[in-house]
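In: here you go, sequence then predicted model.
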Amino acid sequence: GENVEQHPSTLSVQEGDSAVIKCTYSDSASNYFPWYKQELGKRPQLIIDIRSNVGEKKDQRIAVTLNKTAKHFSLHITETQPEDSAVYFCAASPRQFYFGTGTSLTVIP
Amino acid sequence: NAGVTQTPKFQVLKTGQSMTLQCAQDMNHEYMSWYRQDPGMGLRLIHYSVGAGITDQGEVPNGYNVSRSTTEDFPLRLLSAAPSQTSVYFCASSFRTSGMGSSYEQYFGPGTRLTVT
């Protein structure tokens, strides 16, 4: 089955700086790569996604890149704000969803 | 639309007890899944269903049963609870997007926090 690895497990940045979270996957059949944000005690919320026919997607301060050849994808958050502090999960989907182990992002005011 | 709903929000069981976690969605999504979330381990797929009457095992199915008699409901049954099943359980539903590079978009319920003593 699919194996998704996510790094780093924790990340601290100063407010206004950028944050980058990286994931790799193993199954070349995966064609959909969503990112979820989970605040403490809440459900994961879809924040951005990318499909295998696209190399990059941007939504305001959030962007995701995909390198199918290398089987890795990344989440980029620019101009970070304290409300960006949360746990972020990547996932890869051939149909079922396989998740990374999460990155705890702390934005320091 | 209520989206994906789960009951109960919290549950405490004794070892050996059985119970059913309820999940329902009103979005007519064909695809539903159950995950458990444990610290440092992300979300792991327990069982999933691609439509009414069809279920399959995920990564960690042992100790759990599911059924899908309707499109809307996807209950998860713990047959004989064990302390190792202490976790937060999320139900999710997905729909297939249209167009080039179609895939499944997934949305989560609010979760059930289960403690087995």
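Out: Thanks, I have it.

In: up against chain A, what does chain B have?
Out: Within chain B, the residues that sit near chain A (CB under 8 Å from any CB of the partner chain) are B:33, B:35, B:40-45, B:48, B:50, B:58-59, B:90, B:92, B:94, B:100-101, B:103-111. Quick note: C-beta positions are derived from backbone N, CA and C, even for glycine.

In: in ChimeraX, select just the buried ones from these.
Out: Buried residues among these (16 or more other CB atoms under 10 Å in any protein chain shown), as a ChimeraX selection:
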select /B:33,35,42,43,44,45,48,50,58,59,90,92,94,103,104,105,106,107,108,109,111
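
In: if you look at the residues of chain B next to chain A, which of them are in helices?
Out: Using DSSP state H, no member of those sits in helices.

In: ok, what's across the strand from the residue nearest to the spatial centre of chain B?
Out: The centroid of chain B falls nearest to residue B:34 when counting by CA atoms, centre = their mean (2.2 Å). Bridge pairing for residue B:34 (DSSP bridges) gives the partners residue B:47, residue B:91.

In: coming back round to it: the residues of chain B next to chain A in strands, which ones?
Out: Those of the residues of chain B next to chain A mapping onto strands are B:33, B:35, B:43-45, B:48, B:50, B:90, B:92, B:94, B:104-108, per DSSP state E.

In: tell me which stretches of chain A form strands.
Out: Ranges of strands in chain A, per DSSP E, are A:5-7, A:10-14, A:19-24, A:32-38, A:45-51, A:56-59, A:62-67, A:72-77, A:86-92, A:98-99, A:103-108.

In: what's the helix or strand for the closest residue to residue B:7 other than its chain neighbours?
Out: Nearest non-adjacent residue to residue B:7, counting by CB to CB, 6 or more residues apart in numbering or on different chains: residue B:22, 4.7 Å away. Element membership for residue B:22 (DSSP states H and E) is strand B:19-25.

In: that strand - contacts with which helices or strands?
Out: Packed against strand B:19-25 by the contact rule (3 or more CB pairs under 8 Å, 6 or more residues apart in numbering or on different chains; DSSP states H and E) you find strand B:4-7, strand B:10-13, strand B:31-37, strand B:76-78, strand B:87-96.

In: how far away from the center of its chain is that strand?
Out: Distance of strand B:19-25 from its chain centroid, counting by CA atoms, centre = their mean, to the nearest Å, is 7 Å.

In: if the residue of chain A found nearest chain B is in a bridge, with which residues?
Out: Closest residue of chain A to chain B, CB to the nearest CB: residue A:32 (3.3 Å). In this entry, residue A:32 is beta-bridged to residue A:51, residue A:93, by DSSP bridges.

In: pretty sure the residue nearest to residue B:7 sits against residue B:9.
Out: No: counting by CB atoms under 8 Å, residue B:22 does not reach residue B:9; the two are 11.0 Å apart.

In: who has more neighbours, the two?
Out: More neighbours surround residue B:22 than the other of residue B:22 and residue B:9, with 15 against 9 (other CB atoms under 10 Å in any protein chain shown).

In: distance of residue B:86 relative to residue B:38?
Out: Note on residue B:86: its distance to residue B:38, by CB to CB, to the nearest Å, is 9 Å.

In: so between those two, which is more surrounded?
Out: Counted by other CB under 10 Å, residue B:86 and residue B:38 do not tie: residue B:86 has more neighbours, with 16 against 13.
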